[in-house]
Every structure is written in structure tokens, then in C-alpha cells.
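**Q** Quick check, what structure comes out for this input:
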Amino acid sequence: MKAAVYYETGSPDVFRYEEVADPAVSPQEVLVRVEAISIEGGDTLNRLRGEMSRVPHIVGYQCAGVVVALGDEVTGFAVGDRVVTTGVDGSHAELRASLPAFTWAIPDGVTTEEAACVPIPFGTAADCLFEFGHLKEGETVLIHAGAGGVGVAAIQLAKRAGARVLSTASSDEKLERLKSLGLDEGINYLTHDFVTEVRRLTEGRGVDVVVDSVGGITLQGSLDVLAYRGRCVSVGDAGRSSAERVDISRMRGNNQTLSGYFMGAELFFYSRAHDMVAALLDDVAKGELRVVIDREFPLSDAEGAHAYIESRQSFGRVVLIP
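**A** Numbers count the residues shown, from 1 in each chain. Here you go, the predicted model:
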């Protein structure tokens, strides 16, 4: 099969488009012919400085396509089924082997390209808001990086739940586009201090929930804008700054909470997470949630696709097509 691989981590130009061995399929796995690959934020970070399980390495969490073979112990899937899969790596290729616990049937009414963009960003957003953030109707939420995959999902889910939705983004144009997804108030973090703006927009009270996918120095600001009994969920380091020490001295007196979240662990330990993603795919099929795809690139130009994401021009997901 063809794949976008690299022999060392670094900038997008480390990618090479090469012929590599087809994945081995265990008795517990399905083999998928990949038709669409959603580039997740973690994919760019792993390419930049992540661990390489093998050399050459195939990066990538999430992709969708058609089942072409089944392990002897697999039930619930058939050759020819359209599916979307997640995993620790291997999505940037023409074939992928996946365990059923990390594989979902694609409902009618959802394109393969749309499905490729659902499990990780929508599942992460839902868990950060509700399972860990305990967001309730009438509360106020701040969602960082609103124009990213998790942000686009979280804005829709929070608005559907009856919350007031605030979000940050890198341009006024992006913030204006997010209004159609449910954004109430936007903050351009390049021109405004988001802590000051959140306090102004909430009349000093702060927000009930923060979904922080940026990390670094932003995380301290996320804690600083929490209301009494506020909950902050840290879900990533999209800002690419090094980990920072945070001051939690005021959290105890305000009964506030800081949680970390990693969706892979939830899928591994709890079937609940798998069922949640299936329900989110159904919501997309029913038109209750929207998948936003910015651009499609051929898999052979994984370098260009990753560079485009890192230019911070994208709005929603960027998809590779083998």
C-alpha cells in the first residue's frame, strides 16, 4: 500500500509518500480500505515531536473507508461495510487494521468524509462538556480554539444543551463564521486578552466550564476565568508551548475543578464512550450536528495539508484522500 511516512519527527517536510507493507490483521481486527483521513491536532503534534512506534512511521488517529477483510473472531461487521476507525497511529495510509472497539459503522446520510471527522473531535467535545465538565442548561462555557475540530463540535453541543457559549479564535472572520454553529460571544485572542474579555462579558462572574485544548500559558488563564464551582477540562497542547506550572491556590476556596482528558483511555476502559460516538454519528445523520470540512488534500501531499493546518488558516477539519 501507499502511505505518508516519515523517518524522523519534525516539520511537515519530513513526510515521504512511499510504498510500504500492508498492515497485518489479527483475528480480532477488521481491515479497512481508507477513503478519507481526518487530520487531528494530535497528528501534527506527533509528527513534530511524538514517539515513533516504527520506522518508517505512519502517523494518524482517525480515518474512514470500507471493510475489505475480517479477522476470524470479529462479529458485528461485514466486508463492504462503511466504517470510521480510530487508533494510536496508522491513519495516513491506504489500508488500516482496527479493533471493533475503535470502529463504528457509518450511518446512511453521512458521507465517508464527514464520518472521518467525527469520533475524536465530537467525542472529545462531548466528554469534556458533559462527562467531565458537567455542563448544565443555563450555564456559561468558554471553548478555546473554536475554529478547530474540537471547538466546532463543542460549540454546537454546548448550544444544543442550552448553554451560553463563548469561544476564542485567531480572527474576527472565524468568530463570525462560528455564530452559525451556536457561538454567542467571540474573543479574538490575537487582539484581546481573553481573561479580561471573559470577565467583562460575564460581568466579573466568570464561566462555569472551560474546554482548554491549547494548554501552556493559556491554561492558567482558563483557571483564572472560572466562576465559583467552575470546571476546567484540559484536553491538549495545541498552542505548542511547553508545559507550564499553574497556580491553583484560589481553586480550593472557590470549590473549582481542573480535570485532564484523553479520549483514547475512555474508549479503552469503557464501552460508554463507544456508544457515545455511535450516537453522535447518528446526530450528524439526522442533521442535528454539522461536520465542517475546510479543505481536502491528496494523501500524497500530506506535507501540504499539515503545513496548511499549522498556518492557522483552517476552519474545521482538513481531510486527506488516498
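**Q** Run through this structure and note the low-pLDDT ranges.
**A** 238-244 (pLDDT under 70).
**Q** Pull the contacting residues for the residue nearest to the spatial centre of it.
**A** The centre of the chain sits closest to residue 121, judged by C-alpha atoms, centre = their mean, with a distance of 3.0 Å. By C-beta atoms under 8 Å, 6 or more residues apart in numbering, the residues touching residue 121 are 38, 40, 148-150, 152-153, 317. For every residue, glycine as well, the C-beta is placed using N, CA and C.
**Q** Please repeat the previous calculation with a cut-off of 10 Å.
**A** By C-beta atoms under 10 Å, 6 or more residues apart in numbering, the contact list for residue 121 reads 38, 40-41, 62, 148-154, 213, 263, 280, 291, 316-317.
**Q** Just the ones in strands from the residues you listed, please.
**A** When the contacts of residue 121 are checked against strands (DSSP state E), the matches are 38, 62, 317.
**Q** quick one: which of those residues is nearest to residue 189?
**A** Residue 189 has its nearest neighbour among the ones in strands among the contacts of residue 121 in residue 317, at 20.7 Å by C-beta to C-beta.
**Q** That closest one bridge partners, please.
**A** Here residue 317 sits in beta bridges with residue 293, going by DSSP bridges.
**Q** That one against residue 64, yeah?
**A** No - with contacts defined as C-beta atoms under 10 Å, residue 317 does not count as touching residue 64, sitting 11.9 Å away.
**Q** quick revisit: let me know the secondary structure of the residue nearest to the centre of the chain.
**A** Using DSSP: H, G, I helix; E, B strand; the rest coil as the criterion, the local structure at residue 121 reads helix.
**Q** What's the separation between it and residue 205?
**A** In this structure, residue 121 and residue 205 are separated by 29 Å, where distance is defined by C-beta to C-beta, to the nearest Å.
**Q** still on that earlier bit, any shared contact partners between residue 317 and residue 64?
**A** With the criterion set as C-beta under 10 Å, 6+ apart, the overlap between the contacts of residue 317 and residue 64 is 36, 38, 113-114, 116-118.
**Q** quick one: which of these sit in helices?
**A** Under the assignment DSSP state H, these contribute 113-114 to helices.
**Q** Neighbour count for the shared contacts of residue 317 and residue 64 - can I get that in TSV?
**A** As requested, those are exported to TSV (neighbours: other C-beta atoms under 10 Å):
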residue	neighbour count
36	25
38	30
113	18
114	24
116	30
117	29
118	28
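**Q** Show me where the stretch 101-250 of the chain has its helices.
**A** Remark: helices of the stretch 101-250 of the chain, listed N- to C-terminal, are 112-115, 119-126, 149-160, 172-178, 194-201, 218-224; assignment by DSSP state H, counting those that start in this stretch.
**Q** Quick one: closest of those helices to residue 186.
**A** Comparing the helices of the stretch 101-250 of the chain against residue 186 with C-beta to C-beta, the closest turns out to be helix 172-178 (3.1 Å).
**Q** okay, now the domains of the chain?
**A** By the assignment in automatic domain parsing, the chain contains the domains 2-117+291-321, 120-264.
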